[in-house]
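Undergrad: quick one, fold the following:
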Amino acid sequence: MEKVVSELFGTDQNPQSLSVQFYALSISKLFKDIGTGMLAFLLPLYIIHLHSSNFDAVPLIVKAGVIATVFGLSNALSQPFMGRFTDKLNQRKPFLLVGLAAFTILSVLYANTRSFEIVVILRMVQGVSVAVMVPAIISMVTHLSTSHTRGKAIGLYSSIRGLGFGSGSIIGGFIVDHYSFTLAFYLCAFLGLLSTLLIYFFVDETYGSANDKKQLSKTQKDNYQFTILAIAIFAMMVGIMVIFAFLPEYESRLNATKLSLSIAVSAYVLIRVIFQAPIGILSDKFGRKNILALGLLINIPIIIGLGQVEGIGMLIALRAAQGMSMAAVETPLMALAVELTGGSSVGSKVSIITASQAAGMAIGPLLGGFLGAYVSFETPFNICGIMMLLSFFLVLLKIKEPAKY
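TA: Here you go, the predicted structure:
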């Protein structure tokens with residue numbers, strides 16, 4: 001047990017350890033991540049109660065897709081610019097504070113609108129506010145780790161973030177079932193404010209090290225691999241997010257409560273939390289490519305199964321399995337992407353990957369909404385399965401492990 005704890009958290013004397021600042025950053029942002037999980041779950045259900053001047057005839061499943069899509073598209077389109085901006089200014093903390101403050105304000109605004117069109121606009125603005133934060137966060141995690149601890153750092157950060165997101169969905173479902181959407185949105189605002197204050201007072205600015213540049217510069221010639229990694233994470237996120245357009249449909253088909261649906265949404269995140277840190281450590285020791293490819297392969301039958309769900313228990317089980325497969329994809333993929341930057345201009349280079357991830361978040365619900373409404377319930381899930389298969393072969397044939405492996 002002592003050895004496992006040492007592997008995960010390290011000690012000040014252990015060269016494989018992570019700094020106190022890394023944990024301060026991850027824990028400070030946890031509260032906002034709880035709020036993010038609440039919003040992602042609540043908004044597709046909240047729109048049922050909103051009036052609309054221009055979208056009354058649009059199926060609810062398509063509306064749910066639009067809510068998620070405008071967020072993902074504005075996020076994806078903004079991230080490359082924000083990444084270059086953070087690198088140019090060589091500052092990350094101010095971007096993080098701006099994004100957190102925007103989250104707090106937008107949560108209050110959600111609580112005070114009853115118009116579908118206004119929620120669409122707010123969700124679009126929120127996509128930009130997240131794009132302000134993501135390249136900064138990735139850069140800070142990179143600067144607070146080394147090539148030998150990067151998988152562990154990304155795994156632990158993602159686990160803490162996922163713990164917040166997953167528990168947020170459950171908290172949101174409970175509050176709405178027993179109280180109201182308004183109370184849930186105000187709680188999101190409070191959590192955003194708490195993270196803002198913690199980051200402001202307890203997290204320092206970070207800078208890259210010359211040692212990282214020296215160690216990783218040899219991988220810069222393999223920049224074509226960024227495209228492959230971007231395709232893989234895009235396919236995964238489409239498959240993960242496609243069900244958000246189907247939440248209202250699952251609610252009626254499976255006769256599910258909002259709380260049981262929130263458990264299904266959270267099962268993916270919470271299982272991913274359990275597996276991400278150990279997988280990060282394994283990828284540091286044994287390489288990233290094979291774990292990444294296996295994660296893609298495992299997710300193919302899972303995503304197809306989500307189109308065949310017959311009960312809430314089956315939905316929860318499949319989402320839990322999807323969490324495990326996502327841990328095996330995201331952690332080694334992001335660690336490999338950071339390796340390919342050569343330790344310089346991390347924000348602008350890795351934003352290619354994170355923008356593709358955001359684009360998948362955008363396309364998934366839209367693809368699910370339109371194909372589910374106008375073709376068949378199963379079609380978007382089958383298409384996602386084909387995308388996973390193509391990504392698997394691309395990774396297997398084109399991705400190379402860094403030389404140290």
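Undergrad: pretty sure Ile383 contacts Leu371?
TA: Yes - with contact defined as CB atoms under 8 Å, Ile383 reaches Leu371; the gap is 7.2 Å. To be clear about C-beta, it is placed using only N, CA and C from the backbone, and glycine gets the same treatment.
Undergrad: could you pull out the helices for the stretch 51-200 of the chain?
TA: 60-89, 93-111, 116-143, 150-178, 181-202 (DSSP state H, counting those that start in this stretch).
Undergrad: to Phe31, which of those lies closest?
TA: helix 181-202 (4.4 Å; CB to CB).
Undergrad: run the angle between that closest one and helix 150-178 for me.
TA: Interaxial angle of helix 181-202 relative to helix 150-178 (axes from the mean of the first three to the mean of the last three CA atoms, to 10 degrees): 150 degrees.
Undergrad: by how many degrees do helix 181-202 and helix 93-111 diverge?
TA: Using the same axes, to 10 degrees: helix 181-202 against helix 93-111 is 170 degrees.
Undergrad: for helix 181-202, name the packing helices and strands.
TA: helix 20-46, helix 93-111, helix 150-178 (3 or more CB pairs under 8 Å, 6 or more residues apart in numbering; DSSP states H and E).
Undergrad: shaky segments in the stretch 251-400 of the chain?
TA: 342-348 (pLDDT under 70).
Undergrad: could you rerun that using 90?
TA: Residues of the stretch 251-400 of the chain meeting the criterion pLDDT under 90: 251-291, 307-311, 313, 330-378, 396-400.
Undergrad: before we move on, what about the stretch 1-150 of the chain?
TA: Using pLDDT under 90, the stretch 1-150 of the chain drops low at 1-23, 26, 37, 40-92, 113-117, 131, 134-150.
Undergrad: residues near Tyr374, how many?
TA: Neighbour count of Tyr374, defined by other CB atoms under 10 Å: 11.
Undergrad: scratch that, Val20 is what I was asking about
TA: Val20 sits with 11 neighbouring residues when counted by other CB under 10 Å.
Undergrad: with Arg161 as the reference, measure out to it.
TA: 18 Å (CB to CB, to the nearest Å).
Undergrad: do Ala40 as well
TA: 13 Å.
Undergrad: and if you look at Ala189?
TA: Distance, Ala189 to Arg161, by CB to CB: 19 Å.
Undergrad: mean confidence (pLDDT) on stretch 202-222, please.
TA: Confidence over stretch 202-222 (mean pLDDT, whole number) is 59.
Undergrad: so for Ile199, what's the nearest residue that isn't a sequence neighbour?
TA: Leaving aside its sequence neighbours, Ile199 sits nearest to Ser28 (CB to CB, 6 or more residues apart in numbering; 4.9 Å).
Undergrad: same question for Met140.
TA: Spatial nearest neighbour of Met140, excluding adjacent residues (CB to CB, 6+ apart): Thr206 at 4.7 Å.
Undergrad: the closest residue to His143 other than its chain neighbours and Gln91, how far apart?
TA: Leaving aside its chain neighbours, His143 sits nearest to Thr206 (3.9 Å; criterion: CB to CB, 6+ apart). Look at Thr206 and Gln91: by CB to CB, they are 10 Å apart.
Undergrad: more neighbours, those two?
TA: More crowded of Thr206 and Gln91, by other CB under 10 Å: Thr206, with 21 against 16.
Undergrad: tell me the secondary structure for the more buried one?
TA: In three-state terms, and counting by DSSP: H, G, I helix; E, B strand; the rest coil, Thr206 is coil.
Undergrad: and it, what is it in contact with?
TA: By CB atoms under 8 Å, 6 or more residues apart in numbering, the residues touching Thr206 are Gln21, Arg92, Lys93, Ser139, Met140, His143, Leu144.
Undergrad: again, 7 Å this time
TA: Arg92, Met140, His143, Leu144 (CB atoms under 7 Å, 6 or more residues apart in numbering).
Undergrad: of the residues you listed - the most surrounded one?
TA: Neighbour tally across the contacts of Thr206 (other CB under 10 Å): the maximum, 28 neighbours, falls on Met140.
Undergrad: wait, isn't that one in contact with Phe22?
TA: No - the pair Met140 and Phe22 fails to qualify as a contact (CB atoms under 7 Å) at a distance of 8.4 Å.
Undergrad: so how far is Met133 from Thr227?
TA: Distance from Thr227 to Met133, by CB to CB: 24 Å.
Undergrad: repeat that for Thr104.
TA: 13 Å.
Undergrad: and for Tyr23?
TA: Per CB to CB, Tyr23 is found 18 Å from Met133.
Undergrad: ok, Ser266 next?
TA: 22 Å.
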